[in-house]
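>>> Please work out how this folds:
(one chain, ligands or ions: 1)
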Amino acid sequence: MLTKKLPPVQSFLLLFSRRVSHLTRQQYDVIVVGGGHAGTEAAAAAARVGAKTLLVTQKIQTIGALSCNPSLGGIGKGHLVREIDALDGLCGRAGDWAGIHFSVLNRRKGPAVWGPRAQLDRQRYREFIQSELLSTPGLTVLEGSVQELHVTEPSPEEPGRHRVTGICLDGSPPISASSVVLTTGTFLCGSLFVGQTTSPGGRIGDAPSSAGMSQILRERLDLRIGRLRTGTPPRIVKDSVDLHLAQLHPPDSHPTPFSFMNTQTSCKPEDQLPCYLTYTTPGVDKVVKESLHLNCHIQEDTKGPRYCPSIESRVLRFPGRSHQVWLEPEGVTSNLLYPQGLSMTMPPDMQLRLIREIPAMHRAEIHTPGYGVQYDFVCPTQLSPSLQVKSTQGLFLAGQINGTTGYEEAAAQGLWAGVNAARWALSMPLVALSRTESYIGVLIDDLVSRGVTEPYRMFTSRAEFRTSLRPDNADLRLTLKGFEVGCVSSLRYKEAVKVKDRLQEAMATLETLTLSTASCRKKLPDIGVSENKNSSLSGMELLQYKDMSFEMLASVFPESLSRYMEFSQRLKIEAVYKPHCDLNKKEIERIQKEENMALPQDIDYFSLPVSMSKEVREILDRVRPSTLGSATRLEGVTPAAVVALFNYVQVTG
Ligand code: FAD
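Got it, this is the predicted structure:
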């Protein structure tokens, strides 16, 4: 059913070992630690920028593994996937390759907040990522567990700043690099929990990252480290579920690819697999309550993901409520279902009792029990917007280690950390993405300016300029910039320039085409143009009518518009949002003018001769925002304090 085929995985492994055997003690520009979603994007991006890159990960076969749900995208997360793709990252194309059920969420709202999402075939996703990494020039992949990070002590010239020099694997000589990107995910001092059993681990079947790594970050680099938790549901044997007792949810009839480089997905529309929706019953609440004293994970007071809570948390927070459970396929050939909404950590026998309280699963069998994981993360306010650790030159962090949750959030940070790690190693200036131009900018700014108190995930509501930051225009917003910073291929760049030029040309044409209101009422009677004898409407204005499509307009002006039919949906969206975006643009320009104003890193906030409370001074001193924009968004920093800071820096700077 999935058309194209990659070479079998076996041959990748052979290739990998051949590369490993060629590994000698070399100097790399960039070393990436961890082959999860952050690490794979980081390694690929660093290599694209031109850095000689080494990816070291515990197990080659788990590169690109989806630790939890086999899906990509969704509301807010889909925006990130489109932006990663616009910057030539991997996950969008991998999603198009491995997707088996595509749907655009939130369609009842405007296209700015639509959420492209796909259910994935786990195996195919991994294969794609592994295949891509192996064919990336300048990238070597090594299987091994990094035990130590090598750093120098701060020098008298740069007091308080260490410098990274490389890594050390278990029992082998050090490998040197100018930059290191740590992407250890849920593995840093990871502990797994099922019922009353706790064991060391980063994910089921995988050992944690060495305690030494966490110790170096904490003791040697003096970084503030916190602890978070997450969990995953049991995997259910599909044949043991009575799916006719759940609601069928078909995919979109025309799958929308994630990647700007793809016009279609690998899976044919008619071959997509359905998902199913069912609900918890009062019996589920009863099992949760009876199992609480046997559930260590729930008793720990470490913070878990608020927006992807365990069934235990859902029942305790909203007792008596019926909760949604999505039954999602794990792959084309897999006989497993993923019950989204039933993440749990009670003992396995209680897990079986619980799922059987749901009618569609009354005779279900569990293939693998659910479990929880707790792990260390680095408080991300200690990073700069390039994702470099402020106190350690050349050390970059990305992904779950920064307190986020989710593949997309990890991949987005990974890509940007990879770009900057490469640029640092190649002596190029570090670069940042603003929150006015991308969701990736919003994500990174939120992390480094505000920090996290619980696992952070992306939502469209986090972006102030939602109508401009749409999934449909991520290429226009980011591909050209990506080319400038070095992470976008010339092939993609040329394609983006072509699209940009054609859209601009089409929009200019739409502005010049006019139709009198009388003609509108005659030729386009259904769109509801009101009578106004003296006025006429431009093509752009006509497209802003809800019931007006580009196709309808092209039938009125075939000579001018039929050549732009391939952009019909994009032009409709551009037209609808144009008034809003024009306003946004003015607002953005004003904020950008002030937002990008650099704040000197050596300001002594406590002796600043301005009117500012002690609390605000403490916050500014702790976070040390790099720009005025970041200072503005710090919790507890008042607008008056920002004005004072602005005036001070303008006068003294
Ligand atoms: P990971 O994908 O965890 O990858 C880390 C990689 O680093 C691994 O390949 C590991 O082998 C490697 N590594 C670690 N230490 C070393 C070392 N010292 N040397 C070499 N390699 C090393 N996300 C959600 O959005 N919703 C959920 O409900 C959810 N539930 C989850 C439940 C569980 C049990 C787990 C494990 C994860 C869950 N996630 C969930 C999180 C999701 O898997 C992560 O957000 C995402 O995978 C993070 O990507 P990452 O690249 O930061 O880390």
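>>> The ligand contacts on the stretch 301-450 of the chain?
Applying C-beta under 6 Å from any ligand atom, we find that the stretch 301-450 of the chain lies next to the ligand at Pro305, Cys308, Ser343, Val373, Gly399, Gln400, Thr405, Gly406, Tyr407, Ala410. Yep, even glycine has a C-beta here, placed from its N, CA and C like the rest.
>>> I'd like those written out as JSON lines, with distance to Ala94 and pLDDT added.
Below are these laid out as JSON lines (distance: C-beta to C-beta, whole Å; pLDDT from 0 to 100):
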{"residue": "Pro305", "distance to Ala94": "23", "pLDDT": "72"}
{"residue": "Cys308", "distance to Ala94": "21", "pLDDT": "74"}
{"residue": "Ser343", "distance to Ala94": "24", "pLDDT": "95"}
{"residue": "Val373", "distance to Ala94": "24", "pLDDT": "94"}
{"residue": "Gly399", "distance to Ala94": "16", "pLDDT": "98"}
{"residue": "Gln400", "distance to Ala94": "19", "pLDDT": "97"}
{"residue": "Thr405", "distance to Ala94": "19", "pLDDT": "95"}
{"residue": "Gly406", "distance to Ala94": "15", "pLDDT": "96"}
{"residue": "Tyr407", "distance to Ala94": "10", "pLDDT": "97"}
{"residue": "Ala410", "distance to Ala94": "14", "pLDDT": "98"}
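>>> from those residues, which is closest to the ligand?
Gly399 (2.4 Å; C-beta to the nearest ligand atom).
>>> Correct me if wrong, but Ala411 is in a helix.
Yes - membership of Ala411 in a helix is supported by DSSP: H, G, I helix; E, B strand; the rest coil.
>>> which residues sit in contact with it?
His37, Ala38, Thr40, Glu41, Leu80, Val81, Ile84, Gly89, Leu90, Cys91 (C-beta atoms under 8 Å, 6 or more residues apart in numbering).
>>> at 10 Å what do you get?
36-42, 72, 77, 80-81, 83-84, 89-92, 94, 183, 398-399, 440 (C-beta atoms under 10 Å, 6 or more residues apart in numbering).
>>> swap in Ile366?
Neighbour list for Ile366: 233-237, 240, 339, 348-349, 351-352, 354-356 [criterion: C-beta under 10 Å, 6+ apart].
>>> same deal with Val288?
Val288 is in contact with 280, 295, 298, 310-316, 319, 344, 346, 350, 354, 357, counting by C-beta under 10 Å, 6+ apart.
>>> how about a cut-off of 6 Å?
Glu312, Val315 (C-beta atoms under 6 Å, 6 or more residues apart in numbering).
>>> and after the helix or strand containing it, which helix or strand comes next?
Element membership for Val288, per DSSP states H and E: helix 282-291. Later in the chain than helix 282-291, the nearest helix or strand by DSSP H and E is helix 296-299.
>>> any chance of the residues of the stretch 301-450 of the chain next to the ligand in a markdown table, with distance to Lys585 and neighbour count too?
Compiled in a markdown table, those are given as follows (distance: C-beta to C-beta, whole Å; neighbours: other C-beta atoms under 10 Å):
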| residue | distance to Lys585 | neighbour count |
| --- | --- | --- |
| Pro305 | 35 | 20 |
| Cys308 | 35 | 19 |
| Ser343 | 42 | 25 |
| Val373 | 44 | 26 |
| Gly399 | 32 | 32 |
| Gln400 | 35 | 31 |
| Thr405 | 33 | 23 |
| Gly406 | 30 | 26 |
| Tyr407 | 32 | 28 |
| Ala410 | 31 | 28 |
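>>> follow-up on the earlier one: next one: the helix holding Val288 to chain centre, how far?
Relative to the centre of its chain, helix 282-291 is centred 34 Å away, using C-alpha atoms, centre = their mean, to the nearest Å.
>>> in that helix, what's buried?
Val284, Asp285, Val287, Val288, Ser291 (16 or more other C-beta atoms under 10 Å).
>>> What average pLDDT does it get?
Average pLDDT, helix 282-291: 95.
>>> re earlier: which of the buried residues of helix 282-291 lies closest to Thr652?
Of all those, Val288 has the smallest distance to Thr652: 58.8 Å, by C-beta to C-beta.
>>> Please check the contacts of Ile366 and keep the buried ones.
For the contacts of Ile366, a neighbour count by 16+ other C-beta under 10 Å gives the buried set as Pro233, Pro234, Arg235, Ile236, Ser240, Pro339, Pro348, Gln351, Leu352, Leu354, Ile355, Arg356.
>>> Narrow these to those in helices?
Pro348, Gln351, Leu352, Leu354, Ile355 (DSSP state H).
>>> for those, which one is nearest the ligand?
Gln351 (14.1 Å).
>>> who are the neighbours in contact with that closest one?
Taking C-beta under 6 Å, 6+ apart as the test, what Gln351 contacts is Pro234, Met344, Pro369, Gly370.
>>> One more: Tyr648?
Val610 are the contacts of Tyr648 under C-beta under 6 Å, 6+ apart.
>>> mind listing the strands for the stretch 51-200 of the chain?
Assigned by DSSP state E, counting those that start in this stretch, the stretch 51-200 of the chain shows strands spanning 53-57, 71-73, 99-105, 115-120, 139-143, 146-152, 162-169, 175-182, 191-194, 197-200.
>>> Which one of those lies nearest to Glu531?
Closest to Glu531 of the strands of the stretch 51-200 of the chain, according to C-beta to C-beta: strand 99-105, at 36.5 Å.
>>> In the sheet, which strands lie alongside that closest one, parallel or antiparallel?
Its sheet considered, strand 99-105 pairs with strand 115-120 (antiparallel) by DSSP bridges.
>>> near the ligand, which residues of this structure?
Contact residues (C-beta under 6 Å from any ligand atom) of the chain with the ligand: 33-39, 56-58, 62, 67-68, 145-146, 183-187, 202-203, 206, 209-210, 213, 230-232, 305, 308, 343, 373, 399-400, 405-407, 410.
>>> Repeat the analysis, applying 5 Å as the threshold.
34-38, 57-58, 67-68, 145-146, 183-187, 203, 209, 230, 232, 308, 373, 399-400, 405-406, 410 (C-beta under 5 Å from any ligand atom).
>>> Restricted to buried residues, select those in PyMOL.
Applying 16+ other C-beta under 10 Å to the residues of the chain next to the ligand, the buried members can be selected in PyMOL as follows:
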select buried, resi 34+35+36+37+38+57+58+67+68+145+146+183+184+185+186+187+203+209+230+232+308+373+399+400+405+406+410
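>>> Out of the residues of the chain next to the ligand, list just those in helices.
Using DSSP H, the subset of the residues of the chain next to the ligand located in helices is His37, Ala38, Ala410.
>>> Please produce CSV containing the ones in helices among the buried ones among the contacts of Ile366, extended by distance to Leu571 and pLDDT.
Formatted as CSV, those follow (distance: C-beta to C-beta, whole Å; pLDDT from 0 to 100):
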residue, distance to Leu571, pLDDT
Pro348, 54, 96
Gln351, 51, 97
Leu352, 54, 97
Leu354, 50, 97
Ile355, 48, 97
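>>> circling back to that earlier point, could you identify the most distant pair in the residues of the stretch 301-450 of the chain next to the ligand?
Distance extremes for those: the farthest pair is Ser343 and Gly399 at 19.6 Å, using C-beta to C-beta.
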